[in-house]
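1. from the sequence below, what's the structure:
(6 chains, ligands or ions: 3)
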Amino acid sequence: MKKFMSFSLLALAASIATVGFTKSASADVSIETAFIFNTFSFAFHGALVMWMAAGFAMLEAGLVRTKNTTMQLTKNIALYSIAGLMYWVIGYNLMYADVSGFFGTPGPWSAADPFDAEGMFIGDDAAGYGAASDWFFQMVFVATAASIVSGTMAERIKLVPFLVFVVILTGILYPIQGSWSWGGGWLSEAGFLDFAGSTIVHSVGGWAALTGAIILGARKGKYNADGSINPMPGSNLPLAALGTFILWMGWFGFNGGSQLAMGSAADVVAIATIYMNTNLAAAAGVVAALILTGVMYKKVDLTMLLNGALGGLVAITAEPLAPSPLLSIFIGAIGGALVVFAVPLLDKLKIDDVVGAISVHLVAGIWGTIAVVFSNADATIGGQLTGIVGVAVFMIITSAIVWFVLKLIFGLRPSEEDEALGLDRAENGMEAYPEFGRGSQTI
Amino acid sequence: MKKFMSFSLLALAASIATVGFTKSASADVSIETAFIFNTFSFAFHGALVMWMAAGFAMLEAGLVRTKNTTMQLTKNIALYSIAGLMYWVIGYNLMYADVSGFFGTPGPWSAADPFDAEGMFIGDDAAGYGAASDWFFQMVFVATAASIVSGTMAERIKLVPFLVFVVILTGILYPIQGSWSWGGGWLSEAGFLDFAGSTIVHSVGGWAALTGAIILGARKGKYNADGSINPMPGSNLPLAALGTFILWMGWFGFNGGSQLAMGSAADVVAIATIYMNTNLAAAAGVVAALILTGVMYKKVDLTMLLNGALGGLVAITAEPLAPSPLLSIFIGAIGGALVVFAVPLLDKLKIDDVVGAISVHLVAGIWGTIAVVFSNADATIGGQLTGIVGVAVFMIITSAIVWFVLKLIFGLRPSEEDEALGLDRAENGMEAYPEFGRGSQTI
Amino acid sequence: MKKFMSFSLLALAASIATVGFTKSASADVSIETAFIFNTFSFAFHGALVMWMAAGFAMLEAGLVRTKNTTMQLTKNIALYSIAGLMYWVIGYNLMYADVSGFFGTPGPWSAADPFDAEGMFIGDDAAGYGAASDWFFQMVFVATAASIVSGTMAERIKLVPFLVFVVILTGILYPIQGSWSWGGGWLSEAGFLDFAGSTIVHSVGGWAALTGAIILGARKGKYNADGSINPMPGSNLPLAALGTFILWMGWFGFNGGSQLAMGSAADVVAIATIYMNTNLAAAAGVVAALILTGVMYKKVDLTMLLNGALGGLVAITAEPLAPSPLLSIFIGAIGGALVVFAVPLLDKLKIDDVVGAISVHLVAGIWGTIAVVFSNADATIGGQLTGIVGVAVFMIITSAIVWFVLKLIFGLRPSEEDEALGLDRAENGMEAYPEFGRGSQTI
Amino acid sequence: MKLVMAIIKPFKLDEVRESLTGLGIQGLTVSEVKGFGRQKGQTEIYRGAEYSVNFLPKVKVEVVVADDMVGQVAEQIQKSANTGRIGDGKIFVLDVAQAVRIRTGETDADAL
Amino acid sequence: MKLVMAIIKPFKLDEVRESLTGLGIQGLTVSEVKGFGRQKGQTEIYRGAEYSVNFLPKVKVEVVVADDMVGQVAEQIQKSANTGRIGDGKIFVLDVAQAVRIRTGETDADAL
Amino acid sequence: MKLVMAIIKPFKLDEVRESLTGLGIQGLTVSEVKGFGRQKGQTEIYRGAEYSVNFLPKVKVEVVVADDMVGQVAEQIQKSANTGRIGDGKIFVLDVAQAVRIRTGETDADAL
Ligand SMILES: Nc1ncnc2c1ncn2[C@@H]1O[C@H](COP(=O)(O)OP(=O)(O)O)[C@@H](O)[C@H]1O
Ligand SMILES: Nc1ncnc2c1ncn2[C@@H]1O[C@H](COP(=O)(O)OP(=O)(O)O)[C@@H](O)[C@H]1O
Ligand SMILES: Nc1ncnc2c1ncn2[C@@H]1O[C@H](COP(=O)(O)OP(=O)(O)O)[C@@H](O)[C@H]1O
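-> Ligands and ions are numbered 1, 2, ... in the order given. Predicted structure coming up:
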């Protein structure tokens, strides 16, 4: 029920009460001071979430094979850029402007701030904030959803259809479903609660990625005829680890900023609590993956630890404030453990998810959305499942349609030869590490 | 007209009014609270700009060839350190202390804060801030200018003359021209406007780099006798992409912090608006480069997308607050597009700019400085051109003199053999990736 | 005498006075506004310190050989996670809850915030802050101590005994000694001053690492029978440089956040001053190492510059507020210089410190702790030595015991064959760069 | 004994290996090489500058076999590495005077 | 002259080099290769999927020596590269028709 | 046919390639190797510890040519790879019994 934002501040104030703190009645923090804190919180936390774009880029560049690394970087910087433009052109207003129940009012975003004609501050609400800061914070979220798709479908989708999908995902699909909950539409009325977006951001990307991966098919050579799997190890694990640390850091912005205010003691305590719980869940996800892979495989799989951290983070995202530390650890540990089991399961189903994004963002996202009921008295299993299923149905159907149309128009896959050669040479005409090993052009 | 800082706070308060907001007249934010916000804004945004030093280091390490990577890292960490020392020893005061019109008063910086002998706060100005925070914020800017030089002249300049140039650039050249505008000197009186430094920081670095590149000459083998070009591809594109993301993030500090205050609703709204516009311009720069290289070359050149992002960022830097989102997108897109054309143009002129820094920081910087007139009613073409030309003349002449003197004393280039061997072995005695490919010492 | 935290706020307020500023007597900043600032300072600076975990991971991954890179990343993400869990389970309370003089009260941490039953803010102290923010900030420090151990003992310690050591270090050893000083125990009464932890964090890690390195022995082949040394160059210097830049940035959080408050002009000026001094010391460390290696070896050793930056940072950590800029430069330069001499000295003693962590964190940490007397009138040589020696004796004895017990139970070293093969294949079953050079699985 | 040295396209390596193990070959050695030949590299554009890639990635397979296997081995390699397009590579056969298995000291045919 | 080509385990390189310089050998050339042989790679698990590593890292040492040295050279390599475990590698000896030192133009025995 | 194998300094590769194409050679194969020889590596200092670099980067060029070309090929390589300084490298010539072009199945002289 969070993130109603500009259009439902009263509901917001009410919802905060439910998670443990009310705003101070003593007028201890002036309206303008609160306005500064709130606005800065969006700007600062938004910058942290922007940083997650780098995290996804590094994680994915590290987990693909060398011959597709340049392309993976290209996709990541392009998708972040496209998301940022589309969300201004249409996305924000479609999600938050006069939401009817099923979507808002498309059109470019523009600011409305509490200043009079002379530029005097005339805000009258301790929950006020600058419009641009809110736009910025919301914008960085949509890019996250698109990053998930790029990770799963890496190494075998052509650049152009991928980018067109990103245009539609970030401009239309994400905002429409977002309007249902954070925009104040039917899902929020159905009692669906998703604090920072386990479902609304992560599962949305996950469903689009899953649908895409099925339609696109696996990388050539990944699954052998006899049912065995041919691992294609990530080419640069330090990059993958760096990406994970970046995401971890950025997640303080993702979850902390989703408190949507910092202008009271209650809000800032909430933010600090969210930082703590977010960190505990991620740590628990790592330790769960560490123990599980150590015990099951006798060797510790670093890529699973990285995915485990992210699984823990995604799981705590639906409710990072209300849980106790112990419950946060539990939610994160299960999130990490689910990833360890989901990754090979998807392989068994011959769904080729290059970086484990479906396991991390969709599977742990569903878990986290359900786990809200453990700590938030306002949440119901029914409400949570309604949200999960509603978003699933919408995203599967719409992305399937978009993917099929793109397949018709552009074709999704490069030629077999181009796939074997690598997208870097085929579509970028350059190599990520031209001088290393056999890729060298200098010899 | 911004950044008068400690020495012209009244002028500052006036100038803020011109960009759209005035400070709230209601005494809603106490003087001390405003002081805290302002000071924290400098510290926080300064830390983000410091982070750009890492961005330049990674970008440049990724775009040079393996054999010069260690040296490029050495130059980057050394230049950031030297800049930080020189700006304390002499630079800050030369730029801001009692500026006469053409320069300030050289000497080490020292703090003057509004506390009485007992340490009681006695500030009486809502625009006040801690002196050290301002020093810190100004200091990180000067390092940016030096990073530009290191990128252009990479792979063929010896360490010692480069570092001596950095000493002079950061201690003397940058502060002198900075005193003309941000220090309140003649350029600011001529009506020259450069909010965060498209000209004052980026073009300054760009002119020094251009002058240096011409005097130094191209890397051996870069230009063939028949006029054709011999590309020397960057050795590690993930590092280059990482560097770009770091710079993008740091730019929120660069532009946002240049509001120079956060102690009022108007200021924080300005900061948030700057974040938004900065992001839109960078995104537009990426998309412009994506479309242009895709259409012109049929392949998408990742290095151009990275440069395009930076071109958009540099372009919006001269005025990141006043433009509408649409105008920001336009300014950024042109910035990115200019880079795509400037890079091959410089090659045609046989000016060897290893990382594209002249195209990014100088060309897009000039564009951005001119584009101020589109949104800021106080700006005039005349005033802007005066600034561009004034800085150009000063920087070209002074850097040329310094480069020639350094050439006489130390010689600028390593021996041909050392250049062929790579500076890493010649001057560092170590390799960046000793175990990869043919560089391995273990076999 | 700093960091008494929740349990000795009065002492804290007193100690701040000693370092140059008192809190404003004018009630200019409301209690709740100050509470927000203080809490946010912990959260923000804590996030920066969390980021140091990435810095250590990259630095260490860059300085080990390729065949141990995956393991080094595994150890780093695991130790950060374990530290975060253990410090909740027992560490925080052992360090800060009802400290008797020699340790606190073990048990899981839980929050106590100044809100009444209705969630109204009832704080009455301008130095107040949210409990979770303090926990978060303290937690990230303990991970730093553990990172030091992983760096020194890299490439030859098995994963399981290492992780068990981390459990004990972060849950028990670090908190116990921390309770002596920051927890208000006997060392703080003895007048020992260590603002942000040159001794309490860095030397603690350093002593554990030194003890461990001696018990563990050197990497096979590192020291030849004839006394000569066989360097094993770091495999990826850009990663090492990135790690250093990350640590540098994170250090603003480490030292700046250790002001423990931001709710007054005096506090925020202190924070800004700390940023400045921290940066000056790091810069001076780099320049010292640059000049020394340039002069002594005729070639500039990048890895020493990186270590030099860290040496400067560690040295200024014990007192980053009181020194003048010039003194900060001096302290940092000596810190950097000490590292340049300590690294080969340890090699002569056949103590194999893979990343130079003992030189950086222990040697420069001792220097920094002593250097407090130059600027802080409350510090005495006696008090400082008491702290250095007290911590040394405790850490050497306890870690030696733990290492010996772990040796008995698990054995510390992998088999010679596994060490030759590399821990990545032996214990992770995967390679960091599987496609590069001879490690490739695809050929 | 003969050393059969084949320069092939990298993505054909697995097929070649399988075809050789099909003949009972128990060992071979592979290296990464760059080939210059009739197959000209594409013209690429890097930062606006056109250039031609002279050296293309290839894989060198070296396998020592008894004299009577050379014909089949060469044939199998030629078949399995063939795409029919320029740049498929070459097979060269060289005489080997002696072979030793390091582990056991066995020589010649026994060493293979 | 003969070319002695040895495929050995990478960590044995230094011992092999030292044993050869002990014989007065003044030069040799080394490359990184991958070996497929009786020594099967371990079965590894990557992200839950089992697979066997077919190609193992080896080092190829090439040294050209006068005919009368071949025996000692092969013997020294065989001894110093030996661990007694599978995968120790092979030594192959090939005829060399001619040798030239590029610096001086000296040929054959003088070129080594 | 003969296999001419040259170990040269890396930065001489382009000159060597051009001198060979000047002779009408249409293909060659190159690999990255490390050389140990009379040319001793510099003594380097890493983190205060001196050590000598034993193995230096070299490039191996392999080109198979008809018997009557061997003289010219070796001569051209010797000239174009020469710097006159120690470490310039070696040229070795080996007999090739057979050559096949994988694409077409052509053999021997036609395969080159
Ligand atoms: N004379 C030669 N000596 C050594 N290697 C050669 C020779 N000719 C070709 N090669 C190798 O064979 C590869 C393929 O040769 P190329 O002429 O491109 O095509 P094709 O094999 O179809 O005739 C080259 O890239 C090179 O590695
Ligand atoms: N017939 C062969 N031709 C070329 N190289 C071979 C051949 N047989 C083995 N090798 C090389 O020797 C290495 C060791 O061989 P392997 O059969 O595993 O063990 P061993 O040498 O103990 O018999 C292989 O990895 C491969 O590089
Ligand atoms: N006997 C040999 N067998 C194989 N390669 C050799 C031999 N001697 C030298 N080389 C190679 O030739 C390179 C140059 O040899 P070196 O003795 O250093 O100088 P020069 O060629 O000037 O005599 C060495 O680095 C090595 O790669």
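
2. buried residues in stretch A:185-194?
-> Residues of stretch A:185-194 classed as buried under the neighbour-count rule (16 or more other Cβ atoms under 10 Å in any protein chain shown) are A:185, A:186, A:187, A:188, A:190, A:192, A:193, A:194. For glycine as for every other residue, the C-beta is placed from the backbone atoms N, C-alpha and C.

3. for the host helix or strand of residue A:77, the averaged confidence score.
-> Remark: residue A:77 resides in helix A:69-86, with elements defined by DSSP states H and E. Over the span of helix A:69-86, the pLDDT mean works out to 98.

4. one more: stretch A:193-206?
-> For stretch A:193-206, the per-residue pLDDT values average out at 98.

5. what distance separates that stretch from the centre of its chain?
-> The offset between the C-alpha centroid of stretch A:193-206 and the centroid of the whole chain comes to 7 Å, using Cα atoms, centre = their mean, to the nearest Å.

6. do that stretch and chain C meet at all?
-> No: with Cβ under 8 Å from any Cβ of the partner chain as the threshold, stretch A:193-206 lies outside contact range of chain C, at a closest distance of 15.7 Å.

7. next: stretch D:7-27.
-> Yes: for stretch D:7-27 and chain C, the contact criterion (Cβ under 8 Å from any Cβ) is met by D:10, D:13.

8. and that stretch, how far apart are its ends?
-> For stretch D:7-27, the first and last residues are 17 Å from each other (Cα to Cα, to the nearest Å).

9. how distant is the helix holding residue A:77 from the center of its chain?
-> Here helix A:69-86 is found 15 Å from its chain centre; the criterion is Cα atoms, centre = their mean.

10. with stretch A:78-96 instead?
-> Here stretch A:78-96 shows a centroid-to-chain-centroid distance of 15 Å under the convention Cα atoms, centre = their mean.

11. same check, this time on stretch A:376-383
-> Mean C-alpha position of stretch A:376-383 versus that of the full chain (Cα atoms, centre = their mean) differs by 22 Å.

12. how long is that stretch end to end?
-> According to Cα to Cα, stretch A:376-383 extends 12 Å from its N-terminal end residue to its C-terminal end residue.

13. next, format the buried residues of stretch A:185-194 as TSV and append secondary structure.
-> Output for the buried residues of stretch A:185-194, formatted as TSV (DSSP: H, G, I helix; E, B strand; the rest coil):
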residue	secondary structure
A:185	coil
A:186	helix
A:187	helix
A:188	helix
A:190	coil
A:192	coil
A:193	coil
A:194	coil
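
14. closest to ligand 3 out of these?
-> Each of these was scored against ligand 3 by Cβ to the nearest ligand atom, and residue A:194 proved nearest at 64.1 Å.

15. mind listing the strands for chain D?
-> In chain D, the segments counted as strands under DSSP state E are D:2-8, D:28-36, D:43-46, D:49-52, D:56-65, D:90-95, D:98-101.

16. need those strands in a markdown table with mean pLDDT, can you?
-> Output for those, formatted as a markdown table (pLDDT from 0 to 100):
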| stretch | mean pLDDT |
| --- | --- |
| strand D:2-8 | 97 |
| strand D:28-36 | 91 |
| strand D:43-46 | 88 |
| strand D:49-52 | 87 |
| strand D:56-65 | 93 |
| strand D:90-95 | 97 |
| strand D:98-101 | 96 |
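
17. now tabulate the ones you listed in TSV and tack on distance to residue F:6 and mean neighbour count.
-> As requested, the strands of chain D are exported to TSV (distance: least, Cβ to Cβ, whole Å; neighbours: other Cβ atoms under 10 Å in any protein chain shown):
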stretch	distance to residue F:6	mean neighbour count
strand D:2-8	16	24
strand D:28-36	14	23
strand D:43-46	28	18
strand D:49-52	24	15
strand D:56-65	16	23
strand D:90-95	16	23
strand D:98-101	24	20
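
18. picking that back up, tell me which of the buried residues of stretch A:185-194 is nearest to residue C:280?
-> Proximity of these to residue C:280, judged by Cβ to Cβ, is greatest for residue A:194, which lies at 46.1 Å.

19. check contacts around that closest one.
-> Neighbour list for residue A:194: A:2, A:181, A:200, A:318, A:369, A:372, A:387 [criterion: Cβ atoms under 8 Å, 6 or more residues apart in numbering or on different chains].

20. tell me the confidence at the first one?
-> On pLDDT, residue A:2 comes in at 39.

21. burial of residue 89, as a residue count?
-> Answering for chain A, as no chain was given. When neighbours are counted by other Cβ atoms under 10 Å in any protein chain shown, residue A:89 registers 19.

22. let me rephrase: I mean chain D.
-> As a burial measure, residue D:89 scores 27 neighbours (other Cβ under 10 Å).

23. quick one: it and chain C, what's the gap?
-> Going from residue D:89 to chain C by Cβ to the nearest Cβ, to the nearest Å gives 15 Å.

24. which one is that residue nearest to, not counting chain neighbours?
-> The spatially closest residue to residue D:89, leaving aside those adjacent along the chain, is residue D:7, at 4.1 Å (Cβ to Cβ, 6 or more residues apart in numbering or on different chains).

25. one more: residue A:173?
-> Spatially, and ignoring its direct neighbours in sequence, residue A:173 is nearest to residue A:398 (5.4 Å; Cβ to Cβ, 6+ apart).

26. do I have it right that that neighbour meets residue A:169?
-> No: with the criterion set as Cβ atoms under 8 Å, residue A:398 and residue A:169 do not qualify as a contacting pair; they are 9.1 Å apart.

27. look at those two and report which has more neighbours.
-> Relative neighbour count places residue A:169 above the other of residue A:398 and residue A:169, with 28 against 19, counting by other Cβ under 10 Å.
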